[in-house]
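Asks: A predicted structure for the sequence below; I have some questions about it.
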Amino acid sequence: MAAPSKKSSGNSIRNNKRVSAEKATNRRSAKAKKNKWKMHLGVIGGVGIVIMMVVFGYFLGQHDKNDEHASPPKIVKIQEAKTEKTNHSTLIADDALIIKEHHSIVKRLQQKGKTLEEDIGFQKKERSAASIEKSIHDSNLTPSSSVKMLPRTKKARLAIIIDDVSNAQQLNKIRSLPSKLTPSIFPPSEFSSTSHTLAHDLKHYMVHLPMESGSAQMNKMHKTLRVNDSPQKVRERIEEIRKLFPAAKYLNNHTGSVYTSNEKAMSVLYPILRENGFIFVDSRTSAKTKVRQIAHAYKDLYIYRDTFLDNIQNKDAIRKQLRQAVKIAKKNGHAIAIAHPHALTLQALKEAQDILKEVDVVYVDELFQE
């Protein structure tokens with residue numbers, strides 16, 4: 001058999017190379033077409049996404065616009081509940097300083113070899129029974145049901161309560177400010193066994209009554225009212241408060257989120273307060289407070305705190321809350337705000353005349369007629 005010629009072999013090799021080159025070209029062409037389709041699909045998809053975003057943005061804008069005019073009541077209630085929860089949580093955090101002072105005072109009394117009860121008991125003997133009875137008679141105490149909100153005036157009224165007052169230094173600073181501020185004074189406690197004497201020369205003040213909260217530490221405060229206290233124990237405590245503050249008319253809760261949200265406990269306390277001539281101002285440390293429905297059951301005016309001013313110890317934050325209090329007062333004709341005798345708070349109040357000039361700042365009892 002004859003061997004293939006060199007010419008034939010060369011042609012075969014060239015043909016093979018040409019076929020391979022054509023296949024490679026075809027593969028590149030197919031790949032390019034595939035990539036081109038991917039690119040087209042990507043562009044189409046991107047355009048679709050942009051269109052969807054524009055449409056979504058339009059409807060979202062319309063929804064927000066509608067929300068400016070009306071908020072669903074359910075959402076408002078949830079927001080109010082969250083606000084109350086925040087207020088209460090911040091209040092307990094703010095009371096950390098009180099807890100610290102509580103322990104230091106008890107320790108000092110122990111070093112003196114006597115209990116807090118003995119110390120307070122001694123101070124209570126300073127005023128005779130005859131003197132107390134005369135003060136009660138002279139004060140013309142009025143049952144809660146006869147208290148009515150004063151008619152609305154052209155200029156709204158704002159009452160600012162300063163809670164947690166227990167010593168003369170705090171009271172003097174409060175009284176030195178240009179606005180009418182209502183001090184709410186602690187009964188004798190770890191902070192001062194003579195706190196009740198601060199009220200002797202005051203016409204406008206309140207009693208700040210410790211009541212059970214969600215804080216185990218705060219509940220250790222002297223004679224804190226608890227939901228499991230017997231009616232007799234509650235009565236004895238309120239009668240004691242009346243003797244300590246014979247001319248007091250208004251009383252609000254210190255902490256008390258657990259107590260005020262317990263209908264059974266408040267149903268025991270409320271009529272006893274009325275019998276002793278006290279008008280209860282709900283500090284609203286709980287969104288679940290039962291005070292409103294109990295007050296209405298007695299056909300009493302429900303008196304409550306509208307806003308806290310100094311849960312955040314920052315001057316700008318306090319000024320913001322003051323503006324909120326003024327806004328509420330102008331809307332409703334009146335408002336009640338609560339603050340505390342912190343140095344920063346008192347300084348902020350002193351410098352807030354530019355905000356407070358929009359309302360009449362009055363004592364709590366100047367909001368009502370009897």
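Replies: Right, received. Where do you want to start? Numbers count the residues shown, from 1 in each chain.
Asks: C-alpha only now, for contacts and for neighbours.
Replies: Fine.
Asks: the strands in this protein, which residues?
Replies: In order along the chain, the chain carries the following strands (DSSP state E): 148-149, 157-165, 181-185, 206-211, 250-255, 279-282, 303-304, 307-308, 334-339, 360-362, 368-369.
Asks: Kindly present these as a markdown table, with separate columns for mean pLDDT.
Replies: Formatted as a markdown table, the strands of the chain follow (pLDDT from 0 to 100):
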| stretch | mean pLDDT |
| --- | --- |
| strand 148-149 | 94 |
| strand 157-165 | 99 |
| strand 181-185 | 99 |
| strand 206-211 | 99 |
| strand 250-255 | 98 |
| strand 279-282 | 99 |
| strand 303-304 | 98 |
| strand 307-308 | 98 |
| strand 334-339 | 99 |
| strand 360-362 | 99 |
| strand 368-369 | 93 |
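Asks: Rebuild those as TSV, extending it with distance to residue 324.
Replies: Written out in TSV, the entries for the strands of the chain read as follows (distance: least, C-alpha to C-alpha, whole Å):
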stretch	distance to residue 324
strand 148-149	21
strand 157-165	11
strand 181-185	17
strand 206-211	23
strand 250-255	21
strand 279-282	19
strand 303-304	16
strand 307-308	8
strand 334-339	10
strand 360-362	14
strand 368-369	22
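Asks: Indicate which one of those is closest to residue 220.
Replies: Smallest distance to residue 220 across the strands of the chain (C-alpha to C-alpha): 9.8 Å, for strand 206-211.
Asks: What angle do strand 250-255 and that closest one make with each other?
Replies: Between strand 206-211 and strand 250-255, the angle comes out at 40 degrees (axes from the mean of the first three to the mean of the last three C-alpha atoms, to 10 degrees).
Asks: just to revisit the earlier point, would CSV of the strands of the chain with mean neighbour count and distance to residue 195 be doable?
Replies: As requested, these are arranged in CSV below (neighbours: other C-alpha atoms under 10 Å; distance: least, C-alpha to C-alpha, whole Å):
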stretch, mean neighbour count, distance to residue 195
strand 148-149, 14, 30
strand 157-165, 26, 8
strand 181-185, 26, 7
strand 206-211, 26, 10
strand 250-255, 23, 15
strand 279-282, 23, 20
strand 303-304, 18, 24
strand 307-308, 23, 24
strand 334-339, 24, 19
strand 360-362, 20, 24
strand 368-369, 12, 26
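Asks: Of all those strands, which one is nearest residue 232?
Replies: In terms of C-alpha to C-alpha, the element of the strands of the chain nearest to residue 232 is strand 206-211, at 16.2 Å.
Asks: So which residues make contact with the closest one?
Replies: Around strand 206-211, the neighbours that count as contacts under C-alpha atoms under 8 Å, 6 or more residues apart in numbering are 163-164, 182-187, 219, 221, 223-226, 245, 248-257, 259.
Asks: Strand 157-165 and that one, what's the angle between them?
Replies: For strand 206-211 against strand 157-165, the angle between stretch directions is 50 degrees (the same axes, to 10 degrees).
Asks: then strand 206-211 to PDB, C-alphas only?
Replies: Taking Å, rounded to 0.1, in the frame of the first residue of the first chain, the C-alpha atoms of strand 206-211 are listed here in PDB:
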ATOM      1  CA  MET A 206     -49.500  68.800  98.200                       C
ATOM      2  CA  VAL A 207     -48.700  65.500  99.900                       C
ATOM      3  CA  HIS A 208     -46.600  63.100  97.900                       C
ATOM      4  CA  LEU A 209     -47.700  59.600  99.100                       C
ATOM      5  CA  PRO A 210     -45.500  56.600  98.500                       C
ATOM      6  CA  MET A 211     -47.500  53.800  96.900                       C
END
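Asks: how many degrees apart are it and strand 181-185 in direction?
Replies: 40 degrees.
Asks: quick one: the helices in the protein?
Replies: Across the chain, reading from the start of the chain, the helices by DSSP state H fall at 6-67, 73-94, 96-112, 116-124, 129-138, 168-176, 231-244, 257-260, 263-275, 291-297, 315-332, 343-350, 353-356.
Asks: Looking at the fifth one now, give me its mean pLDDT.
Replies: This means helix 129-138. The average pLDDT within helix 129-138 is 45.
Asks: Correct me if wrong: residue 165 contacts residue 187.
Replies: No: Residue 165 sits out of contact with residue 187 when judged by C-alpha atoms under 8 Å, with a separation of 9.4 Å.
Asks: Spatially nearest residue to residue 258 (excluding sequence neighbours)?
Replies: Closest residue to residue 258 in three dimensions, ignoring its sequence neighbours and counting by C-alpha to C-alpha, 6 or more residues apart in numbering: residue 213, at 4.7 Å.
Asks: so how many other residues sit close to the one you found?
Replies: Other residues within reach of residue 213 by the criterion other C-alpha atoms under 10 Å amount to 25.
Asks: ok, what's across the strand from residue 207?
Replies: Using DSSP bridges, the bridge partners assigned to residue 207 are residue 185, residue 251.
Asks: In the protein, where is pLDDT below threshold?
Replies: 1-145 (pLDDT under 70).
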